[in-house]
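Trainee: need a 3D model of the sequence below.
(one chain, ligands or ions: 1)
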Amino acid sequence: MTMSEPSVSTRAGQERLKERGVIPLPEPDEVSAPYWDAAQNEELHLQHCSACDTIRHPPSPDCPECGDSSSDWRRVSGKGTVYSFIVDHRLMVPGFDEPYVVAQINPVEATRDTVRIVANIKGCDTSEVFIGMPVEVYFEVRAGMTIPQFKQDTES
Ligand code: ZN
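Mentor: Model (predicted):
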C-alpha cells in the first residue's frame, strides 16, 4: 500500500512540492517565443503592430486595436507602472515563498492601459507595492530560464 499524495490545493501538498523544488516555468508558444527569447539576453521586447504603430501584450496573432496581423518586436525600456496587483499569502503556486506579489505592469511605451505584463514585484516589502508605483524590469534566472521580473524604480 502506498501513501497518497496530498492535493496541491492544500497547504501540505504545496509544501511537498516546494520541498521537491517544483517551480512553475513559462511555456513559450509560437506567438510568445520572441518575448522569452529576448529575455534570455536580458532584454525586454514587446510585440508591435506594423499597421497602427501600437505595442501590445500579451502577444497575439492579430492586433486587438486594428485587427491587422502584421507585427514586429521592439525593445522597450523596461520601465512601467503597476496597473494592479495581488499579494499571495496562501502559497497558491508551489515553489514560491509567500507572501509574494503578482502584478500587472503597464509599460511606459504603451498607449493603452490594456497592455499589461504579468510578473512578480520583488526587492521591497509586499506592503510597499501600490497601484501606479513606478517599476523597472530586472531578470531572474529560474531553472535555466531567464524571466522578466520587476522592482521599484527609485529614479522615477
Ligand atoms: Zn494594430
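Trainee: going by C-alpha atoms from here, please, whenever you check contacts or count neighbours.
Mentor: OK.
Trainee: sec struct for K18, please.
Mentor: Classification of K18 using DSSP: H, G, I helix; E, B strand; the rest coil returns helix.
Trainee: wait, it touches G95, no?
Mentor: Yes: counting by Cα atoms under 8 Å, K18 does reach G95; the two are 4.8 Å apart.
Trainee: shared neighbours, the two?
Mentor: Here K18 and G95 have no joint contacts, going by Cα atoms under 8 Å, 6 or more residues apart in numbering.
Trainee: show me which residues of the chain are close to the ion?
Mentor: Residues of the chain lying near the ion by Cα under 5 Å from the ion: 49, 52, 63, 65-66.
Trainee: got CSV for these, with neighbour count too?
Mentor: Formatted as CSV, the residues of the chain next to the ion follow (neighbours: other Cα atoms under 10 Å):
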residue, neighbour count
C49, 23
C52, 14
C63, 22
E65, 14
C66, 12
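Trainee: among those residues, which are in helices?
Mentor: If you go by DSSP state H, the residues of the chain next to the ion have nothing in helices.
Trainee: grab the most central residue of the protein for me.
Mentor: Centroid check for the chain by Cα atoms, centre = their mean gives A119 as the closest residue, at 2.6 Å.
Trainee: are we agreed that that residue is in a strand?
Mentor: Yes: counting by three-state DSSP, A119 is part of a strand.
Trainee: if I look at it, how far off is the ion?
Mentor: 24 Å (Cα to the ion, to the nearest Å).
Trainee: any idea what P148 is bridged to?
Mentor: F139 (DSSP bridges).
Trainee: if I pick it, what's in contact with it?
Mentor: Here P148 is in contact with 39, 42, 44, 119, 137-140 (Cα under 8 Å, 6+ apart).
Trainee: the ion: which of those residues is nearest?
Mentor: Closest approach to the ion among the contacts of P148 (Cα to the ion): L44, at 20.1 Å.
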